[in-house]
Structure formats: C-alpha cells, structure tokens
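Participant: below is the sequence, then the predicted model.
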Amino acid sequence: MTVATQPDVSVIIGAYEAMPYLVECLASVEAQTIDPARLEIIAVDDGSTDGSGECLEEFAARVPMAVTVIRQKNSGGPSGPRNVGLGRASGRYVFFLDADDRLGPEALERMVAMGDENGTDVVLGKVEGINRTPPKSMWGKTLGRTDVFSSNIKFTLSAQKLFRRELLAEHGMRFDESLFTGEDALFTMEAYLRANGVSVLADYPCYYLVGRDDGKHVTKSGSYTLRFDSARALMKLIADMVPAGDKRDLLMIRPFLITLLPQFGPKFLKDSEEVRRHKLELAKPLTEAYWTPGVARRLKVHERLRLHLVAMQRPELLVDVVEFVKAKKQAGALLERRGTRVYFVYPHFRSKAAGVPDDIYLAEAREARAIHGYRAVAANSFLRRALRKVRRMLSAKDFKPAA
C-alpha cells in the first residue's frame, strides 16, 4: 500500500475555445523539469466546441503526472473555471495557467524553490511576450522577499503567479465571478496585501504571454462600462485594506493609470457626446473618493492633467489635452525659480478661463530631468544653496559675543 504525498504545485488551466494554442500550452506543462510526481494538473473545459475538451482528455491519458479534466457548461468568463480548479486543488502552491500561454521549462521548479527558500506566499516569474507586450517594470532584479509597496509588482496583477494555497484557503479567496474583466487584478492585489512576503524571479523567463492571431483576449473585448466596474472593485479593495495615506495613494496609481485613464485617451475623441457624458458620470464617484494630491503627484504631467480634468468634469478642456497628446506633440518647458521648478506647457496652462492650478503642470524631478539644461541649472542651484549654507556656518563660527 502506498501513501499519496501532497503535490508541490496544482496547475489550474481554464480552457475555452483554446485550440490550437492549447496544444503548445500543454506541451510546456509536460516539458517541466520538476518531477511529475510533484505536480497535479486540474484542467477545466468551459464549454468549448473546438475540441479543447478532447485535447485535455488525450493529454490526461498520456502524461505521467496526475491530471483531472472537468468539463462544464460555459460560465461566461475566466473566474468560474479558476474557482472550480481551486476548489479541487491539493498542492502546496497553485499556479493559474491560461490555455493560450506557455511556461518556460524550468518555471515551476524555480518558482517553488524560490517560495520555499524565502518562505513567501506569492512568487512572480518573469513574463515575456509572443505577439503581445508583457509588463516590464518589475523585472529589473530578482528579489527573494519584497512587498507591494516596495516594488513595482502592483503593475502586474494578472493571475499567472505561484500562490501558496494555505494563504488562499485561510482567507477564503476566490475570483469574483461578477466581473467580466479585472477579476485577476482584484484577486492578485488581495494576495499581495495578505501575503507574508512576495518573491520576484527576474532572471529566467517563466511565462510566455501569447498573442492570439484572432485577437480574442478578454482584456481587449467588452463594453467600456466593464472597465469602470473593474476600477471600482479594485479601488474599493485597496481602500478597504489600506488606510488613507501614502501607502494607499501608491497603490491607487494602478487603477487610475491602467484602468481608468485609457478611457480618457484617444478613444475618448471617437466617443459620442452621450458616451463621453456617461464615462464622466461613471468616473465621478471614483475621483471624488480616491483622487488625491498623493496620487496626482506620482503621475506624469499629461496623465495628471487628464485625470484632474476628469475629476473636475471638464470635457471641453479634456478634449484639447487628449488631442495634443494623441498628436505626440512635445509640450514646452518653462523653468522658474532659477530652474528649480519645471512646468510642462500643455493646453490651458495659466489660462484664467480654464482655471487649472499651476501645480497640475508641475513636473516632478524624475520627469523634469529629461528637459535639456535642467540638470545643469539644478546642479548650479544646489551648489549655490550649499555655498550659502557654508557661509552661514562660517559666519556663526567667527562670531564672538562681547565680554
């Protein structure tokens, strides 16, 4: 009699009309260097009609690792299959693999080792793109232990991470099936915030994000109202879990910049007046609740300006700014206070009729450094201040009170 051992990883694959991409996805699972006995695969066919279910069953019959195939009626989104798979998982960790993407051969072995070595609850493996643009800002350095406040991981909230299952079970975490898009952002942000540390494996391509030839990606489809639903849910989660202040503002950048702002980009120019009004109505409660100076100052000037005009419900001014940005025009730079302040002269700068505060156009140091001559002027200004400080110190030292 043999005693079954707990697998290290439960790989959960939700498949819907995934052919022929599913073939290479499964091949990447079969090619994993981790011992097959340490894996279990839970594959959920979400009502496919293109042979995806049959492909999964053929895979299950052929490979050495444990595979469970579940076939169900279409649920309408990725959350349902993931939740079904999560309910059947028994591994120490779970990994959510999209059926049209692929794993690097050593991905699971490396990620499990990283989580075990550092005792972390979430492990991010480097993502590369095939006909798609992956997130990039968080892969600069491998980090054994970090958190959502100390790194750029807030800009990768897709579900394709290694999660310690004990964490998910402890908090009853599941994907929100009421959201058509952004459900993974909600799940992953909650995991980041609840985790006892996050690891980033940046020196090996663990995950390949594949662009489908038919362009059928959930994140690219659906009504604009779904994006507002996603932003609303993520902002509420952050507000519920993080007290008001710098840390909350730091996280709020993500839904404002990635989810909300694109609704007021070039596509806004093509929207009807009715849609424009509706977008502003949907944005109003979000900006009233969560748009703060702490969020604003962390954005680039043109991003801050557009969101400020959204918050002020000024579509007539917003259109001018969006047209300017769409045309890829270079905003003029105005240096004041001996070069220590740089304003980007986007539309309506210092217009009395518009009434937009100067600070909205003020470049933070990171953005200002790109301006020709700024560094030299700023360095001279710093040198002048240092010399004045030295003179004051010398004067104080030489001063002798009368006897």
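Facilitator: Looks like it came in fine.
Participant: where exactly do the strands run in the stretch 51-200 of the chain?
Facilitator: 66-72, 93-98, 102-103, 122-130, 143-146, 162-164, 198-210 (DSSP state E, counting those that start in this stretch).
Participant: can you put those strands in JSON lines and add mean neighbour count, distance to residue 342 and mean pLDDT?
Facilitator: Any C-beta I mention is one placed from the backbone N, CA and C, and that applies to glycine too. Listed next are the strands of the stretch 51-200 of the chain as JSON lines, based on neighbours: other CB atoms under 10 Å; distance: least, CB to CB, whole Å; pLDDT from 0 to 100:
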{"stretch": "strand 66-72", "mean neighbour count": "17", "distance to residue 342": "57", "mean pLDDT": "97"}
{"stretch": "strand 93-98", "mean neighbour count": "25", "distance to residue 342": "43", "mean pLDDT": "98"}
{"stretch": "strand 102-103", "mean neighbour count": "24", "distance to residue 342": "45", "mean pLDDT": "98"}
{"stretch": "strand 122-130", "mean neighbour count": "21", "distance to residue 342": "34", "mean pLDDT": "96"}
{"stretch": "strand 143-146", "mean neighbour count": "18", "distance to residue 342": "32", "mean pLDDT": "98"}
{"stretch": "strand 162-164", "mean neighbour count": "25", "distance to residue 342": "43", "mean pLDDT": "98"}
{"stretch": "strand 198-210", "mean neighbour count": "21", "distance to residue 342": "33", "mean pLDDT": "97"}
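Participant: can you redo these as JSON lines with distance to residue 276?
Facilitator: Shown next, in JSON lines, are those (distance: least, CB to CB, whole Å):
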{"stretch": "strand 66-72", "distance to residue 276": "40"}
{"stretch": "strand 93-98", "distance to residue 276": "34"}
{"stretch": "strand 102-103", "distance to residue 276": "40"}
{"stretch": "strand 122-130", "distance to residue 276": "32"}
{"stretch": "strand 143-146", "distance to residue 276": "40"}
{"stretch": "strand 162-164", "distance to residue 276": "40"}
{"stretch": "strand 198-210", "distance to residue 276": "32"}
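Participant: out of those strands, flag the one nearest residue 327.
Facilitator: Residue 327 lies closest to strand 122-130 among these, at 27.6 Å (CB to CB).
Participant: pull up the pairing partners for that closest one, direction included.
Facilitator: strand 162-164 (antiparallel), strand 198-210 (parallel) (DSSP bridges).
Participant: pull that strand out as PDB, backbone CA atoms only.
Facilitator: The C-alpha trace of strand 122-130 is given here as PDB (Å, rounded to 0.1, in the frame of the first residue of the first chain):
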ATOM      1  CA  VAL A 122       3.400  34.700  -3.800                       C
ATOM      2  CA  VAL A 123       6.100  34.200  -6.400                       C
ATOM      3  CA  LEU A 124       6.300  36.100  -9.700                       C
ATOM      4  CA  GLY A 125       8.200  34.600 -12.600                       C
ATOM      5  CA  LYS A 126       9.400  36.800 -15.400                       C
ATOM      6  CA  VAL A 127       6.900  37.200 -18.200                       C
ATOM      7  CA  GLU A 128       7.900  37.500 -21.900                       C
ATOM      8  CA  GLY A 129       5.600  38.200 -24.800                       C
ATOM      9  CA  ILE A 130       4.900  36.400 -28.000                       C
END
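Participant: ok, and what's touching that strand?
Facilitator: 93, 102, 104, 107, 110-112, 114-115, 134-135, 138-139, 153, 156, 160-164, 167, 188, 191-192, 195, 197-211 (CB atoms under 8 Å, 6 or more residues apart in numbering).
Participant: could you do stretch 22-29 as well?
Facilitator: Under CB under 8 Å, 6+ apart, the answer for stretch 22-29 is 11, 13, 15, 18, 39, 41, 52, 55-56, 59, 63, 97-105, 208, 210.
Participant: again with stretch 265-272
Facilitator: 276, 279, 306, 318, 319, 322, 323, 325, 326.
Participant: got a quick PyMOL command for the buried subset of the contacts of stretch 22-29?
Facilitator: With 16 or more other CB atoms under 10 Å as the criterion, this PyMOL line picks the buried residues out of the contacts of stretch 22-29:
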select buried, resi 11+13+15+18+39+41+52+55+56+59+97+98+99+100+101+102+103+104+105+208+210
